[in-house]
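Peer 1: Turn this into a structure:
(one chain, ligands or ions: 2)
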Amino acid sequence: MTHDTAGTAAAPLAPELVARYHRDGYVLLPPGSLAGDLLDVALDELPSILAADDPGRVLERDGRTVRSVYGLHRTNPAIAALTRRPALLGAVRGLLDDDVYVHQSKVNIKAPFAGDQWEWHQDYVYWLTGDGIRRPDLVNVAVFLDEVTEFNGPLTFVPGSHTAGLLASTDADGMPLGYEDAPAWVATLTADEKFRVRHCVIEELARANGLVSPKGPAGSVLVFHPNILHCSAANISPLRRAMLMFVYNSVANRPEVTGLRPDFLADPEPVALQPI
Ligand code: SIN
Ligand code: MN
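Peer 2: Ligands and ions are numbered 1, 2, ... in the order given. Okay, here's the model as predicted:
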């Protein structure tokens with residue numbers, strides 16, 4: 001079956017895109033590739049997502065600006081339906097060669113002037129140590145809700161770094177500055193990463209492989225591997241950089257540790273999603 005740009009077929013990505021994902025650890029798809037209305041649905045929902053006083057909402061260090069809202073596939077039916085779009089499921093199932101569910105979902109806002117950084121990290125270390133997910137058989141799908149430019153804090157990858165596997169990291173003890181009274185799980189979601197890869201390791205990989213910041217118009221879809229080494233800079237531009245992110249996990253790779261982290265960080269019901 002060929003890939004359907006209208007987003008109606010539960011088909012895998014085209015073979016050349018699959019090959020690029022496995023080689024580089026990411027692929028950037030143009031707007032409309034996986035489901036034409038992803039952007040419109042997400043933008044319609046965004047004002048109410050941001051306004052809600054939700055337990056999955058994380059503020060920036062300033063205590064005012066919304067940084068992220070987690071657990072949208074559990075709290076927002078329209079977003080939950082998006083995660084089951086045939087073209088999205090087809091692409092992710094094809095990459096993982098299994099049925100999938102959403103382990104985590106979030107919107108990262110990066111507000112103008114105030115959206116803070118994400119330090120260098122790999123995502124998988126959090127899902128291994130926090131949730132007992134034994135293999136990096138997960139896929140991040142990030143939908144750009146705004147145009148992403150070099151100015152508003154794009155994600156920055158070391159392409160191909162996922163092939164190095166999980167890199168050694170140090171575990172920062174205690175709570176980050178500005179979050180001293182917050183629950184412990186917040187320490188994994190702020191501008192100061194909990195698990196830090198040594199700078200000399202990041203330098204070596206970047207010198208060997210280069211750096212890339214995928215940019216594109218709103219509606220672009222960035223698919224990336226949980227072991228790719230990445231960061232993103234603060235947004236001091238006057239323009240917002242919001243991204244909706246779904247973390248799909250293979251159903252054969254269900255968490256072995258449950259109940260330690262809130263439901264909005266680690267889905268407690270890992271059931272294979274059916275396309276709708
Ligand atoms: C992430 O590191 O997973 C997200 C960072 C960002 O939103 O730029
Ligand atoms: Mn990350």
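
Peer 1: Only C-alpha atoms from now on, for both contacts and neighbour counts.
Peer 2: Will do.

Peer 1: Get me the contact residues on the chain for ligand 1.
Peer 2: 108, 118, 155, 231, 232 (C-alpha under 6 Å from any ligand atom).

Peer 1: Output the below-cut-off pLDDT ranges for this structure.
Peer 2: Residues of the chain that meet the criterion pLDDT under 70 lie in 1-8.

Peer 1: hey, where'd the strands end up in it?
Peer 2: 26-29, 57-59, 66-70, 100-108, 118-121, 138-144, 155-157, 169-171, 195-197, 221-224, 230-232, 243-250 (DSSP state E).

Peer 1: Remind me what the longest one packs against, helices and strands.
Peer 2: Counting contacts by 3 or more C-alpha pairs under 8 Å, 6 or more residues apart in numbering; DSSP states H and E, the secondary-structure elements packed against strand 100-108 are strand 66-70, helix 72-75, helix 86-96, strand 243-250.

Peer 1: Please work out which residue of the stretch 1-150 of the chain is closest to ligand 1.
Peer 2: When scored by C-alpha to the nearest ligand atom, the stretch 1-150 of the chain has residue 108 as its residue closest to ligand 1, at 5.0 Å.

Peer 1: Name all residues that make contact with that residue.
Peer 2: 67, 68, 69, 242, 243, 244, 245 (C-alpha atoms under 8 Å, 6 or more residues apart in numbering).

Peer 1: Turn those residues into TSV, including neighbour count and distance to residue 140.
Peer 2: Output for the contacts of residue 108, formatted as TSV (neighbours: other C-alpha atoms under 10 Å; distance: C-alpha to C-alpha, whole Å):
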residue	neighbour count	distance to residue 140
67	25	18
68	22	16
69	23	16
242	27	15
243	27	12
244	25	10
245	22	7
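
Peer 1: Farthest pair within these?
Peer 2: Farthest apart among these by C-alpha to C-alpha are 67 and 245. That separation is 13.3 Å.

Peer 1: What subset of the residues of the chain next to ligand 1 is buried?
Peer 2: 108, 118, 155, 231, 232 (16 or more other C-alpha atoms under 10 Å).

Peer 1: Enumerate the beta-bridge partners assigned to the fourth one.
Peer 2: So the one you mean is residue 231. Note on residue 231: beta-bridge partners residue 156, judged by DSSP bridges.

Peer 1: quick one: it from residue 121, how far?
Peer 2: Per C-alpha to C-alpha, to the nearest Å, residue 231 is found 6 Å from residue 121.

Peer 1: Just give the closest residue to the residue of the stretch 1-150 of the chain closest to ligand 1, not the sequence neighbours.
Peer 2: Of all residues not flanking residue 108 in the chain, residue 68 sits nearest, at 4.4 Å (C-alpha to C-alpha, 6 or more residues apart in numbering).

Peer 1: can you pull the contacts of that neighbour?
Peer 2: Residue 68 neighbours (C-alpha under 8 Å, 6+ apart): 56, 57, 58, 59, 106, 107, 108, 109.

Peer 1: rerun that using 7 Å as the cut-off
Peer 2: Going by C-alpha atoms under 7 Å, 6 or more residues apart in numbering, residue 68 touches 57, 58, 59, 106, 107, 108, 109.

Peer 1: Quickly list what the third one is bridged to.
Peer 2: To tie it back to what came earlier, the one meant is residue 59. Applying DSSP bridges, one finds that residue 59 bridges with residue 66.

Peer 1: Please look at it and residue 53 and confirm they touch.
Peer 2: No: look at residue 59 against residue 53 with C-alpha atoms under 7 Å: they stay out of range, at 11.1 Å.

Peer 1: Perfect, I'm done here.
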